[in-house]
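Chemist: predicted model, plus sequence, below.
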Amino acid sequence: MKIYFASDHEGFELKHELLNFVRGELNFAVEDCGDFTNDPGDDYPPLIAAAVEALRRDIEKGARSFAIILGASGQGEAIVANRFPHIRAAVFYGGSPEILKLSREHNDANVLSLGALFLAADEAKKAVRLWLTTSFSGEERHVRRIAQIEEVSEK
């Protein structure tokens, strides 16, 4: 399993902390899809698209992979991610961790979009650990709904 990462300048520092955490403490293979410098003039759409496109290719090959993307709020980044087929991005910028579990158990989210301006590093690490270790429930109603999401995205 591989975890793809991407962020703009707002998430740059937190992305590097999370890359090291996921690689080291959680022992997942990771790939940094950018940005590779902390450039305040960068734009997040192409950076996020690079990570999500890599994830999408893995999904189409049958590989089990995920992406973690970061920006100021995580909202715009999730909007970009959700434009791609087979991608279901969930946003987290603090609050109840239950939303992280539900995004995996009910929606089989494969992208976690983090609002870097709203999360301390320790909180982000806890969120990432919970999200990556929560499995999709596989319940029929959730499988059915995800299939309906796929149908909508094909139109």
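Modeler: That came in fine, so what should we check first?
Chemist: quick check, Lys125 in contact with Asn20.
Modeler: No - under the contact definition of Cβ atoms under 8 Å, Lys125 does not touch Asn20, with a separation of 10.0 Å. For glycine as for every other residue, the C-beta is placed from the backbone atoms N, C-alpha and C.
Chemist: look at the two and report which has more neighbours.
Modeler: Here Lys125 and Asn20 are compared on neighbour count by other Cβ atoms under 10 Å; more neighbours surround Lys125, at 19 against 12.
Chemist: mind checking how far the more buried one is from Asn38?
Modeler: Distance from Lys125 to Asn38, counting by Cβ to Cβ, to the nearest Å: 20 Å.
Chemist: over to His106?
Modeler: Between His106 and Asn38 the distance, using Cβ to Cβ, works out to 36 Å.
Chemist: Glu25 too?
Modeler: Using Cβ to Cβ, one gets 23 Å for the distance from Glu25 to Asn38.
Chemist: compare neighbour counts for those two and give me the winner.
Modeler: Higher neighbour count among Glu25 and Asn38: Asn38, with 14 against 11, using other Cβ under 10 Å.
Chemist: that one contacts His9, doesn't it?
Modeler: Yes - with the criterion set as Cβ under 8 Å, Asn38 and His9 qualify as a contacting pair; they are 5.5 Å apart.
Chemist: helices of the protein, start to end?
Modeler: When secondary structure is read from DSSP state H, the chain shows helices at 12-24, 44-60, 75-81, 98-105, 121-133, 140-154.
Chemist: could you pull up the mean pLDDT of the last one?
Modeler: Computed over helix 140-154, the mean pLDDT rounds to 92.
Chemist: kindly report the same for stretch 10-22.
Modeler: Per-region confidence: stretch 10-22 scores 98 on mean pLDDT.
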